[in-house]
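I would like the atomic coordinates for the input below:
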Amino acid sequence: MHQKLKNQFILFAGLLATISMVSCEPAVTFSEPQPIDTKNISSIPSKMRGTYISQHDSSTLIISSTIIRRVFDLNVVSDNNKFDSTSTITINRGDSTTRTHHFSFSKDKKGSTIAVHYSDTLFNMDTDILKRYKGYYFLNSKRTNGTWVVNKANTQRKKLIISSISKEEDFRNLQEITKDSSAAPHTFSTSKQEFKQFIKKGGFEKDEIFVKI
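All right, here's what the predicted structure looks like:
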């Protein structure tokens with residue numbers, strides 16, 4: 001394989017691995033936005049808006065009144081000074097009406113470092129649904145098959161905590177609460193009372209903390 005093509009293949013392989021990591025099949029989806037029988041919020045509240053840094057991976061979270069977008073900026077060292085600096089990729093996920101992935105590349109004057117800009121739209125009010133319940137915000141992201149991925153969010157001073165459903169403990173709790181023993185991945189149909197019980201039992205146990213800048 002030509003060295004230029006080989007280097008590009010290695011870089012793209014790494015980026016595709018990143019996509020597969022963030023785009024893996026969720027263990028839990030819901031048949032309806034959660035919690036049911038709760039009013040939708042028309043825009044992301046002002047106290048959540050702004051720019052945040054993840055304490056987990058130093059990515060940037062940018063929140064406006066309608067969109068939540070996650071950005072990664074990486075520097076990749078390359079021994080190939082012929083790498084195309086104009087490469088741009090936009091990838092539409094087949095399983096989501098919201099999430100798009102955008103990569104752009106640029107290189108320094110010597111061509112030894114490639115700057116990779118990766119943007120992932122996590123939530124969009126045009127297609128997704130935001131609800132508030134028991135002091136928390138619930139981000140309902142619609143998938144193309146009509147099911148919903150749900151995350152919980154709350155603010156604490158300059159921190160934003162986004163919590164997701166774990167495949168292990170949370171999944172078992174939902175099975176117990178709904179009396180549905182189906183294996184993961186699975187779409188649950190929960191009543192408002194069942195969803196409330198899930199929250200009380202510590203549901204959404206996977207926390208990621210973002211600090212406002």
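
what about the most centrally placed residue in the chain, which SS state?
Nearest to the mean C-alpha position of the chain, by Cα atoms, centre = their mean, lies residue 122 at 4.5 Å. For residue 122, the assignment made with DSSP: H, G, I helix; E, B strand; the rest coil gives strand.

does it touch residue 62 like I think?
No: Residue 122 is beyond contact range of residue 62, at 10.0 Å (criterion: Cβ atoms under 8 Å). In this view, the C-beta of every residue, glycine as well, is placed from N, C-alpha and C.

common neighbours of the two, please.
Residues touching both residue 122 and residue 62 (Cβ atoms under 8 Å, 6 or more residues apart in numbering) are 68, 69, 70.

now, which of the residues you listed lie within strands?
68, 69, 70 (DSSP state E).

which of those ranks first by neighbour count?
residue 68 (27 neighbours; other Cβ atoms under 10 Å).

distance of that residue from residue 182?
30 Å (Cβ to Cβ, to the nearest Å).

skip the chain neighbours and tell me the closest residue to the residue nearest to the centre of the chain.
Among residues not flanking residue 122 along the chain, residue 68 sits closest, at 4.7 Å (Cβ to Cβ, 6 or more residues apart in numbering).

what is that neighbour paired to in the beta sheet?
For residue 68, the beta-bridge assignment (DSSP bridges) gives partners residue 63, residue 123.

touching, it and residue 51? I think so.
No: at 11.4 Å, residue 68 does not count as touching residue 51 under the criterion of Cβ under 8 Å.

now the common contact residues for these two.
Common contacts of residue 68 and residue 51, defined by Cβ under 8 Å, 6+ apart, comprise 61, 62.
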